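Return atomic coordinates for the entry below.
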Amino acid sequence: MSAPKTSQLRLCASLLALTIGLVALFAPQTAGAQCEDSSPSCCTCHATAHPVFEQGEWHTIHARQECCRACHGGNDRTDDQDAAHVGMMLHPLEDTYLACHACHPEDYRQRAEVFAVVLHVTPQSSEPKTPSPVPTITPSSILLTPLAQTTTAITPAWDWPVVLIIAIPVIALALLWRRSHSS
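I've put the predicted structure just below:
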């Protein structure tokens, strides 16, 4: 190969590597909302400040879905401690009907008993004296704080500077390729 062809080949390879690196660097990351993602604010704070995952199997059972809010209530979409704890039930076994019945209407007592045995406590329940038939969809009786409405517009996955940074090397590669194949 001649020296100009070799240098053009190196330049093309360098620009291609740069483009791939920029695409990888600026590629949009998967965003996750609390309770559907891998790191809700409950776990973010409680991983260090007050670790709960080492405190028994009951925290690992539902932790796979990262839904602390389902049993404990509160607001899992904020990093503010006070706002996160509004409406929270620290010990769901103090009222198993309130904490468990919405998700497990048929067997909430049995499920709660498993946790109660491990914790050496007696579960309590505020179950109504005359139970009403369980509807197809049971609304949660835990106080769930409304989430703040966002007024910001949806951000596109690719901002124009990112597109520009990626487009310049791609255009340069195309021009070099065209130039090298035209002669």
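
in the protein, which helix or strand is least confident?
Among the helical and strand segments of the chain, the one scoring lowest on mean pLDDT, DSSP states H and E is helix 57-63, with a mean of 56.

just for the chain, where's the confidence low?
Segments of the chain classed as low confidence (criterion: pLDDT under 70) are 1-2, 26-41, 51-67, 130-158, 183.

50 instead?
Low-confidence regions of the chain, defined by pLDDT under 50, span residues 30-39.

Show me where it has its strands.
Assignment of strands within the chain using DSSP state E yields no ranges at all.

Where do the helices of it begin and end?
3-26, 41-46, 57-63, 68-72, 81-84, 96-100, 108-119, 160-182 (DSSP state H).

possible to save those helices as TSV with distance to Pro128?
Glycine gets a C-beta too; all of them are placed from N, C-alpha and C. Output for these, formatted as TSV (distance: least, Cβ to Cβ, whole Å):
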stretch	distance to Pro128
helix 3-26	56
helix 41-46	30
helix 57-63	25
helix 68-72	20
helix 81-84	30
helix 96-100	8
helix 108-119	13
helix 160-182	56
